[in-house]
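Colleague: 3D, please:
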Amino acid sequence: MLSSQVILISSFVLLCVINGALLKEIPDYIHVCKRDPATIEGCVLKSIEALRPKLAEGIPELAVPGLEPFVIPEIKALTTESLQIRASGHNVKVTGASQFTIKSLSVDLDTLEIKARVRFPKLHFVGDYKLDAQILVVPLKGEGQLTADAVKCDADVVIHTTIFNRDGAEYIKFKKIDADINIKDYRVRLDGLFNGDKTLGEAANQAINQNRGDFLKAAKPHLEKTVTKLLLETANKVVDGLTLDQLLPKP
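Modeller: This is a model prediction of the structure:
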């Protein structure tokens, strides 16, 4: 469910190269945004809307994967104060991400810090899982396919940027990405619990969904750390070798 943060941060990486500096010619699906505090935020919002179709299918020239589906290689959940668990999901495919909406956006042109809240109305997940957990005194073990549906996923993202000088020119580097995810509700189904026993499996799935808040809390820290690390690496590859004036031209 928290993979929504992967999709969000990917979108905002594009904001930092929105003027098309990566390409010799600016394609028609990219709108230029100048370094003007009066227009930057509105321009960025329009640019995202223009990019939406390309985000769905992917933009190979910018190394941006498609959102439909978006694949998460691994998800982990570890024990918390309220839940004893070791769980992982693998090759999780996410659909519905291209229907995101921007709830709020701010761009600080002095620090080049980007803050945003994005909502994903509905996300669907399919992947493989392994689970070893205990709800109250009931042990839950199994592996197989997971399916889940999440609604109203809000992601608050902050991208921190630094500027450095090299050979007399200013360059951008992303030093940190913070992400905080809140999911209104979700339902999950795990096939293969108790070696495929249908009766026990149904009871276990019911127990998991009754305690879905605890499961989400167990997964959130590791997911946010893993996702932001991957996207930080991607963002820095995107802007590597490009000057500040190339990425955000002055008005």
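Colleague: Residue ranges in the stretch 1-150 of the chain under the pLDDT threshold?
Modeller: For the stretch 1-150 of the chain, the stretches flagged by pLDDT under 70 are 1-30, 32, 62, 78-83, 136-138.
Colleague: Mind jotting down where the helices sit in it?
Modeller: Here the stretch 1-150 of the chain has its helices, by DSSP state H, counting those that start in this stretch, at 4-15, 40-57.
Colleague: all helices of the stretch 151-251 of the chain, in order?
Modeller: With DSSP H, counting those that start in this stretch as the criterion, the stretch 151-251 of the chain has helices at 198-210, 212-239, 244-247.
Colleague: Relative to residue 119, which of those is closest?
Modeller: helix 212-239 (16.9 Å; Cβ to Cβ). Any C-beta I mention is one placed from the backbone N, CA and C, and that applies to glycine too.
Colleague: In CSV, list the helices of the stretch 151-251 of the chain along with distance to residue 122, mean neighbour count and mean pLDDT.
Modeller: Shown next, in CSV, are those (distance: least, Cβ to Cβ, whole Å; neighbours: other Cβ atoms under 10 Å; pLDDT from 0 to 100):
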stretch, distance to residue 122, mean neighbour count, mean pLDDT
helix 198-210, 17, 14, 85
helix 212-239, 16, 18, 75
helix 244-247, 34, 18, 77
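Colleague: For the protein, which segments are assigned as strands?
Modeller: Using DSSP state E, the strands of the chain run over residues 70-78, 84-95, 101-108, 113-135, 138-166, 169-190.
Colleague: Which one, of the ones you listed, ends up nearest to residue 44?
Modeller: strand 101-108 (6.3 Å).
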